[in-house]
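Generate coordinates for the sequence data below:
(one chain, ligands or ions: 1)
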Amino acid sequence: MFITFEGGEGSGKTTCIQKVVAHLQNEHYDVVLTREPGGTPISEEIRNVILDKKNTDMDPRTEALLYAASRRQHIVEKILPALKAGKIVISDRFLDSSLAYQGGARGLGIDTIYQVNQYATEGLEPDVTFFFDIDPEEGLARIAKNAGREVNRLDVEALAFHQKVRAAFQAIAKQNPKRIVTIDASKSAEEVYETVLHEIEKRLKKA
Ligand code: TYD
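Below is the predicted model of the structure:
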């Protein structure tokens, strides 16, 4: 089973993922936890180029292609082998982040970014995606409070950018009601975790 978590900055998805992974491992599931951009050495190097605060000159299409390149390597080297070995793969962000950030917020077009990514994914899609939906003002306020977390190039984009990201995620979720479960991320961490776990367990029983 391939599970992805998506959402804006400060939505709490990463904290939730850690709890979900710990729980599944406790239940003796073989779980591979990974993230995008990154997940393999080559993909992590591409990540460093994309998120480097110095790279303010990066063209939006270059950015989109780098995310897709990083994803390609991640799929081939890590995701597909793990899925073939029968493991549960959980990724902190995947294709929908490109659709929302590059397609929606950067204005390259969700359909265009979907097409570009087809070359990288060859049609691989998650079995289930959790979209952590939160008002960007609330999300960014959470990040500001969490002083230990590194602030990257995309975190410092204007609020309007994050509002576009959210609107794009909401549109993508609406178009993919079977795959994407929208989570109200303004709820308590405990409530969010329980909801996500319940949805995963439902699907594991069916599998
Ligand atoms: P990261 O520090 O991993 O953010 P988070 O903790 O919010 O997941 O940085 C990843 C950033 O890259 C984040 O701002 C979202 C962005 N991103 C894209 O714009 N497109 C993509 O395809 C992916 C995977 C991430």
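
so what's residue 109 up against?
Residue 109 is in contact with residue 103, counting by C-beta atoms under 8 Å, 6 or more residues apart in numbering. Just so you know, the C-beta spots here come from the backbone N, C-alpha and C atoms, and that holds for glycine as well.

And it, how close does it get to residue 60?
11 Å (C-beta to C-beta, to the nearest Å).

and the helix or strand hosting residue 61, what other elements does it pack with?
Element membership for residue 61, per DSSP states H and E: helix 60-74. Judged by 3 or more C-beta pairs under 8 Å, 6 or more residues apart in numbering; DSSP states H and E, helix 60-74 is in contact with helix 41-51, helix 110-121.

if we look at whichever helix or strand comes after that helix, which residues are touching it?
Scanning forward in sequence from helix 60-74 by DSSP H and E, the next helix or strand is helix 80-84. Helix 80-84 is contacted by residues 2, 32, 89, 124 when judged by C-beta under 8 Å, 6+ apart.

Go again with 6 Å.
2, 32, 89 (C-beta atoms under 6 Å, 6 or more residues apart in numbering).

Pull out the buried positions in it.
82-83 (16 or more other C-beta atoms under 10 Å).

Next to the ligand, which bits of this protein? Give me the list.
Residues of the chain lying close to the ligand by C-beta under 6 Å from any ligand atom are 9, 14, 36-37, 51, 67, 92-93, 97-98, 101-102, 152, 154.
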